[in-house]
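J.: no FASTA, just this:
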């Protein structure tokens, strides 16, 4: 069944994003200055990977509380390997991505083969990974980040577009292709939609769960590494404040928390909306402490809208069925 | 035994033929609570042999004070887990209640009694808001409390401008420093009293039984005339108040109401909040509660933290050990349950 444009999952968030840009741009022309756009894109690039990391887990109907802890661990390993062992940055980056993958794999194996809820497992591993982070750094940042990495974190490719947009764009397209064009990704969504039915149709559910968690770990690690490049230091506190954001963006983008339904485009728009609102608070001199309140409010609003859509969809389906 | 299971009476009768008949003592020895007591004794002996300081008066007093707070946080989560939900906002509510109490004492100049009652009301109210939103929207408590945790914490930081309240009533701070018989902190007694009240509520109170029934099987409870929505709201309000009490305890211990006392968004409370009930054998799916188990679980966690710190295994690694402990606890529980099921002991 082909759905109309305005019924697509990403259409609502996209319309809100465009509207927000137009309104804020009209009120404050400085919002559309190249420098501001660059700042916005930087924030969106990193946050989008955080959101993708959670989105993959939401797709299988679970949750991953340890996204921030994995990102933080990858970030400090990246900076630490360069400072302490003197590794060249590409090697350090690949190794850190490997650490993220391994962390996600651990989550996945524990969730898939013990049958304990993902909430408890990832709460425990959150603490384990954060403990590794603090144990290694003793809460001191790694300052010695190579110039090349610092440059990559802040330089622009073309006009106001920073280099960091590249990993974001590549992973967005790759995720979309994976989830909506490859059999493996379709299996991920099938498991989220109806685990029992997926199992009966021959999908190995544990394997899909492990796969999704590994991808989630990889994406979280990538976000952590990018943040090191952007902040120009390996902060142990990287990832501490990702929890709310990682859920907010996919939910605003129309993801259903019971699984099976996510939207890559919608999640990107969700990230953009969050970034714009954060900037607006700064531009209009509103107390930055209110960001948390707005984020929480956005989640409530978005789940409310998703719920209404869901109920309406069920009613329509029931009517069509008769 | 304070493990209360709604259908525990039905299970032994259902399969008595294969199962061995167990006396009450044997049943207790197979329970979670007994396992926790054994663990507490074993670890106490281990820590004491490594460092005799562990059983000094000062160390025991500090242990009692810290465990009082951790157990209270565990209770706060427990009463929500009973309904089959969870409350991520315990930390945020606890800090909000404590800050409200501090504001009432410092800025409004209130007597400590009224300030405490006011803070308690704030905690209960915030919890009730969570409950109402969850029941009305029909959404899972995870996402609602995730959002409200951000909103509540953000509002608190905005209203207080991240400033601490330091003019705390001397009665309050005195309570935090008081020692009974040289070692027992009154806070621990308070926690035990709250625990006894909760135990009475869930064992003898009709409200408590209704809550357990609603948690075990909401549809069945609804059919037998229980207002499940109201039960959920009650539990969240109670959870908010208990979180508030935990917040007050921290205030009276440190002598100031500090916005960051539970970390960013109150996330630092999440681990103790889940560790105590899960170690104590409260089912995450709801319907089963063990007040004694939560109390022992909270105590064990605090003791392990304190003992590991005393053994100087590196303060920064503590979080890793606690995470591993949670993993181990749930895995052991899984193994214990499948062992009992295989040998038809339950």
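T.: Received the coordinates, thanks. Since we're looking at a predicted model, the values are computed, not measured. Residues are numbered from 1 along each chain as shown, chains lettered A, B, ... in the order given.
J.: Next up, the contacts around residue B:253.
T.: Neighbouring residues of residue B:253 by C-beta atoms under 8 Å, 6 or more residues apart in numbering or on different chains: B:65, B:69, B:176, B:187. For the C-beta atoms, the positions are set from N, CA and C on the backbone; glycine is no exception.
J.: again, only using 10 Å
T.: When contacts are counted by C-beta atoms under 10 Å, 6 or more residues apart in numbering or on different chains, residue B:253 touches B:65-66, B:68-69, B:172-173, B:175-177, B:185, B:187, B:261.
J.: Equivalent analysis for residue B:184, please.
T.: B:60-61, B:64-65, B:178.
J.: Check these for the minimum pLDDT and say which it is.
T.: Note: of the contacts of residue B:184, the lowest pLDDT belongs to residue B:178, at 78.
J.: Find the nearest non-adjacent residue to it, please.
T.: residue B:186 (5.2 Å; C-beta to C-beta, 6 or more residues apart in numbering or on different chains).
J.: Test my guess that that neighbour contacts residue B:176.
T.: Yes - Residue B:186 sits in contact with residue B:176 when judged by C-beta atoms under 10 Å, with a separation of 8.8 Å.
J.: what touches both of these two?
T.: B:65, B:252.
J.: just to revisit the earlier point, among the contacts of residue B:184, which ones are in helices?
T.: Among these, DSSP state H puts B:60-61, B:64-65 in helices.
J.: buried subset of these?
T.: The neighbour-count criterion (16 or more other C-beta atoms under 10 Å in any protein chain shown) marks B:60-61, B:64-65 among the ones in helices among the contacts of residue B:184 as buried.
J.: Out of those residues, flag the one nearest to chain A.
T.: Using C-beta to the nearest C-beta, residue B:65 is the member of these that sits closest to chain A, with 22.5 Å.
J.: got a list of what the closest one touches?
T.: Contacts of residue B:65 by C-beta under 10 Å, 6+ apart are B:176-177, B:179, B:184-188, B:249, B:252-253, B:302.
J.: Take the residues you listed and keep only those in helices.
T.: In helices, defined here by DSSP H, the members of those are B:176-177, B:186-188, B:249, B:252-253, B:302.
J.: tally of neighbours for the closest residue to residue A:115 other than its chain neighbours?
T.: Using C-beta to C-beta, 6+ apart and skipping the chain neighbours, the partner closest in space to residue A:115 is residue B:334 (7.5 Å). The criterion is other C-beta atoms under 10 Å in any protein chain shown. On that basis, residue B:334 has 13 neighbouring residues.
J.: Give the next helix or strand downstream of the worst-scoring helix or strand of chain B on mean pLDDT.
T.: Using mean pLDDT, DSSP states H and E, the weakest-scoring helix or strand in chain B turns out to be helix B:10-14, at a mean of 42. Going down the chain from helix B:10-14, the next helix or strand is helix B:24-29, by DSSP states H and E.
J.: What helices and strands are in contact with that next one?
T.: With contacts defined as 3 or more C-beta pairs under 10 Å, 6 or more residues apart in numbering or on different chains; DSSP states H and E, the packing partners of helix B:24-29 are helix B:32-50.
J.: Is any residue of the helix it packs on near chain A?
T.: No - on the criterion C-beta under 10 Å from any C-beta of the partner chain, helix B:32-50 is out of touch with chain A, staying 15.7 Å away.
J.: Let me see the contact set for residue 239.
T.: The chain I'm using is chain A. Contacts of residue A:239 (C-beta under 10 Å, 6+ apart): A:50, A:66-76, A:126, A:129-130, A:133, A:220, A:223-224, A:227, A:246.
J.: look at chain B instead
T.: Per C-beta under 10 Å, 6+ apart, neighbours of residue B:239: B:75-83, B:85-87, B:89-90, B:93-94, B:123-124, B:126-128, B:130-131, B:145, B:273.
J.: Model confidence score at residue B:29, please.
T.: So residue B:29 comes in at 69 (pLDDT).
J.: Pull out the buried residues from stretch B:304-313.
T.: B:304-308.
J.: Please apply the same query to stretch B:277-288.
T.: Neighbour counts over stretch B:277-288 (16+ other C-beta under 10 Å) mark B:277-284, B:286-288 as buried.
J.: With secondary structure, distance to chain A and pLDDT as extra columns, can I get those in TSV?
T.: Converted to TSV, the buried residues of stretch B:277-288 look like this (DSSP: H, G, I helix; E, B strand; the rest coil; distance: C-beta to the nearest C-beta, whole Å; pLDDT from 0 to 100):
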residue	secondary structure	distance to chain A	pLDDT
B:277	helix	11	88
B:278	helix	7	84
B:279	helix	11	83
B:280	helix	14	83
B:281	coil	14	78
B:282	coil	12	78
B:283	coil	11	76
B:284	coil	6	76
B:286	coil	12	78
B:287	coil	15	79
B:288	strand	15	82
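J.: Okay, and which of the buried residues of stretch B:304-313 map to helices?
T.: B:304-308.
J.: Look up which helix or strand residue A:145 falls in, please.
T.: Under the criterion of DSSP H and E, residue A:145 resides outside all helices and strands.
J.: ditto for the one 4 residues further on
T.: Using DSSP H and E, residue A:149 maps to helix A:147-154.
J.: contact partners of that helix?
T.: Contacts to helix A:147-154, defined as C-beta under 10 Å, 6+ apart, come from residues A:38, A:42, A:46, A:78-79, A:82, A:88-90, A:92-93, A:145-146, A:162-164, A:166, A:225-233.
J.: okay, now residue A:205: neighbour count?
T.: For residue A:205, the count of nearby residues is 16 (other C-beta under 10 Å).
J.: can you check residue A:250 too?
T.: 28.
J.: now residue A:280
T.: If you count neighbours by other C-beta under 10 Å, residue A:280 ends up with 17.
J.: Now it: closest residue in space, sequence neighbours ignored.
T.: Per C-beta to C-beta, 6+ apart, closest to residue A:280 is residue A:24, 5.7 Å.
J.: and that neighbour, what element?
T.: helix A:11-27.
J.: Remind me what that helix packs against, helices and strands.
T.: Helix A:11-27 sits against helix A:34-59, helix A:242-252, helix A:264-283, helix A:290-321, with contacts defined as 3+ C-beta pairs under 10 Å, 6+ apart.
J.: what's the angle from the last one to helix A:242-252?
T.: Right, the one you point to is helix A:290-321. 30 degrees (axes from the mean of the first three to the mean of the last three C-alpha atoms, to 10 degrees).
J.: Whatever helix or strand residue B:73 lives in versus helix B:32-50: what angle between them?
T.: Element membership for residue B:73, per DSSP H and E: helix B:57-81. Using the same axes, to 10 degrees, the interaxial angle of helix B:57-81 with respect to helix B:32-50 works out to 160 degrees.
J.: Below-threshold pLDDT in the chain: ranges please.
T.: In the absence of a named chain, chain A is used. Low-confidence segments of chain A, defined by pLDDT under 70: A:1-7, A:321-322.
J.: Actually, chain B is the one I wanted.
T.: Along chain B, the parts satisfying pLDDT under 70 run over B:1-22, B:29-30, B:344-346.
J.: Try it again at 50.
T.: Low-confidence segments of chain B (pLDDT under 50): B:1-19.
J.: Grab the most central residue of it for me.
T.: residue B:74 (1.2 Å; C-alpha atoms, centre = their mean).
J.: I'd guessed it sits against residue B:292; true?
T.: No - the pair residue B:74 and residue B:292 fails to qualify as a contact (C-beta under 10 Å) at a distance of 11.7 Å.
J.: Overlap in contacts, those two.
T.: Here residue B:74 and residue B:292 share the contacting residues B:195, B:280, scored by C-beta under 10 Å, 6+ apart.
J.: what about residue A:153, how many residues close to it?
T.: Residue A:153 has 21 nearby residues by other C-beta under 10 Å.
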